[in-house]
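Undergrad: based on what follows, work out the 3D shape:
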Amino acid sequence: MGKIISIINQKGGVGKTTTAVNLSAYLADKGMKTLLIDEDSQANSTSGLSKDVKFGSNLYEVLLNGEEIEKAIVKTAVKKLSILPASIDLAGAEIEIASLPHRESLLKRTIEPIREKYDYILIDCPPSLGLMTLNALVASDAIIIPIQAEFYALEGLAQLVRTVHVVGRKMNPGLHILGILLTMFDGRTNLSLQVAEEVKKYFGSKVFRTVIPRTVKLSEAPSFGEPILTYAPKSKGAEAYKKLCREVLKRD
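TA: Residues are numbered from 1 along each chain as shown. Modelled structure (predicted):
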């Protein structure tokens, strides 16, 4: 059965989608058959892997209109990496899901038939702790929490960790935090170093040794519809996500 990992933080702009796209690309590059599920109505993971890809259906159609999941999944330009795309329709999905029976396990039931076909399934969650994120937590084995190395990094994190523990206790006993990932890190600034120290003080060994630097290439890659693996494979950002991939495989 494929390992399901959600990339989650209710704050926006912390490198969540960048991590989802690039970690999934490097897992695939390591020979792992990988699926990235874009659960965010902004569809940034979808556009970040859209080079040479034509999308027909999407996650909204699968969850709420009964579309077959296999018909909505498409292969990307990266060998062994597929994506289940998002659309703007997901913005109103929480209201529609709210009235359904067993609403918190809709995504889990949707993924179940195809889970054994993949080594890894990554979910790029929306920046909130609403029903879509709850569905991702119920469906997942583990989560990765990206944290921006800036002043308000730990703000809201306690609430997120509490939510994960509640879901683990009541709905998904196997759920755990695979790791905390420092993103947009600049080792030349005292602030980044202080934030890293603070995060390690709270989370200890849960913090990945790999840190993701703030680089131009990582910012540019999505506008070309490519992961850093193919856009700038020798860049610092590429090296960082390659190391993160190795850490994830080791922790699994």
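
Undergrad: quick check: phi and psi on residue 189?
TA: Here is the backbone geometry of residue 189 (degrees, to the nearest 10): phi -100, psi 140.

Undergrad: so how far is residue 214 from it?
TA: Noted for residue 189: a distance of 10 Å to residue 214, by Cβ to Cβ, to the nearest Å. Bear in mind the C-beta positions are built from the backbone N, C-alpha and C, glycine included.

Undergrad: between those two, which is the more surrounded one?
TA: Neighbour count, other Cβ atoms under 10 Å: between residue 189 and residue 214, residue 214 has more, with 19 against 13.

Undergrad: OK, contacts around the more buried one?
TA: 184, 185, 186 (Cβ atoms under 8 Å, 6 or more residues apart in numbering).

Undergrad: report the separation between the closest residue in space to the first one that isn't next to it in sequence and residue 187.
TA: Counting by Cβ to Cβ, 6 or more residues apart in numbering, residue 184 lies nearest to residue 214, which is 4.4 Å off, once chain neighbours are set aside. Going from residue 214 to residue 187 by Cβ to Cβ gives 10 Å.

Undergrad: shared neighbours, the two?
TA: Counting by Cβ under 8 Å, 6+ apart, no residue touches both residue 214 and residue 187.

Undergrad: what number of residues lie near residue 17?
TA: Residue 17, neighbours per other Cβ under 10 Å, totals 26.

Undergrad: what mean pLDDT does the host helix or strand of it have?
TA: According to DSSP states H and E, residue 17 maps onto helix 16-29. When pLDDT is averaged along helix 16-29, the result is 98.

Undergrad: got a list of what residue 89 touches?
TA: The contact partners of residue 89, by Cβ under 8 Å, 6+ apart, come to 41, 58, 60, 61.

Undergrad: the spatially closest residue to residue 187 that is not a sequence neighbour and residue 213, how far apart?
TA: Leaving aside its sequence neighbours, residue 187 sits nearest to residue 193 (Cβ to Cβ, 6+ apart; 6.9 Å). Separation of residue 193 from residue 213 (Cβ to Cβ) stands at 13 Å.

Undergrad: the more surrounded of the two?
TA: More crowded of residue 193 and residue 213, by other Cβ under 10 Å: residue 213, with 19 against 14.

Undergrad: hey, what's that one bridged with?
TA: Per DSSP bridges, the residues bridged to residue 213 are residue 185.

Undergrad: list the contacts of it.
TA: Residues in contact with residue 213 (Cβ under 8 Å, 6+ apart) are 184, 185, 186, 187, 236, 237, 240.

Undergrad: SS state for the nearest residue to the third one once chain neighbours are set aside?
TA: This means residue 186. Excluding the flanking residues, the one nearest residue 186 by Cβ to Cβ, 6+ apart is residue 192, at 4.8 Å. Assigned with DSSP: H, G, I helix; E, B strand; the rest coil, residue 192 falls in the helix class.

Undergrad: same check on residue 181?
TA: strand.

Undergrad: any idea how far the residue lying closest to it once chain neighbours are set aside lies from residue 113?
TA: Of all residues not flanking residue 181 in the chain, residue 146 sits nearest, at 4.7 Å (Cβ to Cβ, 6+ apart). In this view, residue 146 and residue 113 are 29 Å apart by Cβ to Cβ.

Undergrad: these two: who's more crowded?
TA: residue 146 (24 against 11).

Undergrad: wait, what's in contact with the more buried one?
TA: Going by Cβ under 8 Å, 6+ apart, the list of residues near residue 146 reads 7, 9, 14, 15, 16, 19, 181, 182, 183, 212.

Undergrad: let me know whether the second one touches residue 127 as I believe.
TA: Yes. Look at residue 9 against residue 127 with Cβ atoms under 8 Å: they come within range, at 7.0 Å.
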